[in-house]
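need coordinates for the below:
(one chain, ligands or ions: 2)
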Amino acid sequence: MSNVEQTLSIIKPDAVERNLIDEIKAIFTKNNLKIKQDKKIHLTKDEAAEFYKVHQSKPFYDDLCTYLSSGPIVAMILEGENAVLFNRELMGATDPKKAEDKTIRKLYGISIDKNSVHGSDSAENAIKEINFFFKN
Ligand code: CDP
Ligand code: MG
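Ligands and ions are numbered 1, 2, ... in the order given. Down below sits the predicted model:
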């Protein structure tokens with residue numbers, strides 16, 4: 001049975017800074033994930049803290065929010081078959097050193113914090129994260 005869904009993807013500051021936007025978008029589209037909407041924005045630290053609120057108790061939270069707000073990012077709504085899980089597969093493991101070959105984080109990630117992309121981890125969070133960036 002088909003399960004077309006949407007997920008939120010972010011190209012993080014380290015990848016935007018290295019002009020990897022088109023290359024990363026091409027990975028999604030070549031793999032049949034449609035980019036339904038996209039926007040380049042620069043979050044404030046407070047906005048980054050709101051976005052990553054689920055991680056507020058983690059030791060890396062403050063650095064993570066500083067990092068996500070350190071430069072422009074590209075937020076995208078991706079749509080396709082099993083998009084949430086499939087995007088996570090295309091991204092690879094959080095730590096680029098542990099990511100599988102040909103995944104985005106293996107190809108472009110610099111370190112566990114500068115790992116080039118974000119992707120929603122569940123259908124429920126995808127809806128929340130899409131609304132965070134694209135509520136109209
Ligand atoms: O992004 P992903 O869902 O794979 O990982 P997460 O566990 O939800 O963590 C969110 C983000 O926090 C990661 O993508 C990393 O950028 C950062 N992080 C970190 O800086 N240090 C860690 N030990 C774990 C995560
Ligand atoms: Mg996560």
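
C-alpha only now, for contacts and for neighbours.
Noted.

list the contacts of I127.
Counting by Cα atoms under 8 Å, 6 or more residues apart in numbering, I127 touches 6-7.

show me how far stretch 46-57 is from its chain's centre.
14 Å (Cα atoms, centre = their mean, to the nearest Å).

check stretch 87-102 too.
That offset, for stretch 87-102, works out to 12 Å (Cα atoms, centre = their mean).

contacts for it next, please.
So stretch 87-102 is contacted by 7, 28, 103-107, 109-113, 115, 117-121 (Cα under 8 Å, 6+ apart).

can you dump the C-alpha coordinates of it into PDB?
Extracted C-alpha coordinates of stretch 87-102, given in PDB (Å, rounded to 0.1, in the frame of the first residue of the first chain):
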ATOM      1  CA  ASN A  87      15.000  10.800   4.200                       C
ATOM      2  CA  ARG A  88      16.600   9.500   7.400                       C
ATOM      3  CA  GLU A  89      18.200   6.800   5.300                       C
ATOM      4  CA  LEU A  90      19.500   9.200   2.700                       C
ATOM      5  CA  MET A  91      20.900  11.400   5.500                       C
ATOM      6  CA  GLY A  92      22.800   8.600   7.300                       C
ATOM      7  CA  ALA A  93      23.800   8.400  11.000                       C
ATOM      8  CA  THR A  94      24.000  11.500  13.200                       C
ATOM      9  CA  ASP A  95      27.800  11.100  13.400                       C
ATOM     10  CA  PRO A  96      29.200  11.400   9.800                       C
ATOM     11  CA  LYS A  97      32.000   9.000  10.800                       C
ATOM     12  CA  LYS A  98      29.400   6.300  11.400                       C
ATOM     13  CA  ALA A  99      27.200   7.100   8.400                       C
ATOM     14  CA  GLU A 100      27.000   4.600   5.500                       C
ATOM     15  CA  ASP A 101      28.600   5.300   2.200                       C
ATOM     16  CA  LYS A 102      26.800   7.600  -0.200                       C
END
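
just to revisit the earlier point, just the contacts of stretch 87-102: which are in strands?
7, 117-119 (DSSP state E).
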